[in-house]
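> after the sequence you'll find the predicted model.
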Amino acid sequence: MRSLLIIANPGTRSFSHAMAAGAQEVLAAQGCDVVVHDLYAERFNPVQAHGESENTSSADPLVEQHCRELAQADLILVFHPNWWGQPPAILKGWIDRVFRLGTAYDYPPGVGYDGVPEGRLRAACALVFNTSNTPAAREAEVFGDPLEALWKRCVFGLCGVSNVVRRMYGPVSDSSAEQRSRWLAEVRGLVETACREPGIQR
């Protein structure tokens, strides 16, 4: 199984990185091929240039590499904090440039851009792990958890990945070591399940 792991958190000692490290251990133990990209560490450029207006190719070799790896992935894992109900800008730019026409989705013959696209991704499952300092009850009541719709419907659902598992952990700022340990155990368990049964909804 080929897995693509994306980290988008500028803090190298963040809980996002801790979760990603645990996921990598599980993937390696399960014999998965793992490609890891820390978007901040590799200075991924999130700004789509004017020349990429058709969004089918890029002069940036790193973008082309990411597109190839996304298209080849059987399992996709994303780790990022919840900022203003959204991913960090670097991750949004990664979506803009990498989930592109001809790579992540296409239009059926005779269907224009105002029609319904078809997903092209081969991945059987995507796992998205978020961190937040907003209590879960307030997140749901006041904000409606916009990341749920973004990842499950607007990104992965549109691009053909129907099995999307997402977890939000927090508040992280005042969490105990015991609480973080339980969260990490859940992450590892979800990754292990996805490796063994990638098409099963959890």
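Ah, there it is.
> which residue lies farthest from the center of this protein?
Within the chain, the residue lying farthest from the chain centre (CA atoms, centre = their mean) is G110, at 30.9 Å.
> quick one: contacts for that one?
The contact partners of G110, by CB atoms under 8 Å, 6 or more residues apart in numbering, come to none. Where C-beta positions appear, they are placed from N, C-alpha and C, glycine not excepted.
> what's the pLDDT at it?
Here the pLDDT value assigned to G110 is 92.
> helix, strand or coil for it?
In the three-state summary, G110 is assigned as coil, counting by DSSP: H, G, I helix; E, B strand; the rest coil.
> try H80
Applying three-state DSSP: H80 is strand.
> please name the nearest non-neighbouring residue to it.
Excluding the flanking residues, the one nearest H80 by CB to CB, 6 or more residues apart in numbering is A8, at 4.2 Å.
> over to D145?
E139 (5.6 Å).
> wait, isn't the one you found in contact with M168?
Yes - between E139 and M168 there is a contact at 7.1 Å, judged by CB atoms under 8 Å.
> can you pull out the strands in this structure?
With DSSP state E as the criterion, the chain has strands at 2-7, 33-38, 75-81, 105-106, 118-119, 125-131, 164-169.
> could the ones you listed be laid out in TSV, adding distance to W151, mean neighbour count and mean pLDDT?
Output for the strands of the chain, formatted as TSV (distance: least, CB to CB, whole Å; neighbours: other CB atoms under 10 Å; pLDDT from 0 to 100):
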stretch	distance to W151	mean neighbour count	mean pLDDT
strand 2-7	12	23	97
strand 33-38	17	17	97
strand 75-81	8	25	98
strand 105-106	15	16	97
strand 118-119	14	14	98
strand 125-131	5	25	97
strand 164-169	6	18	96
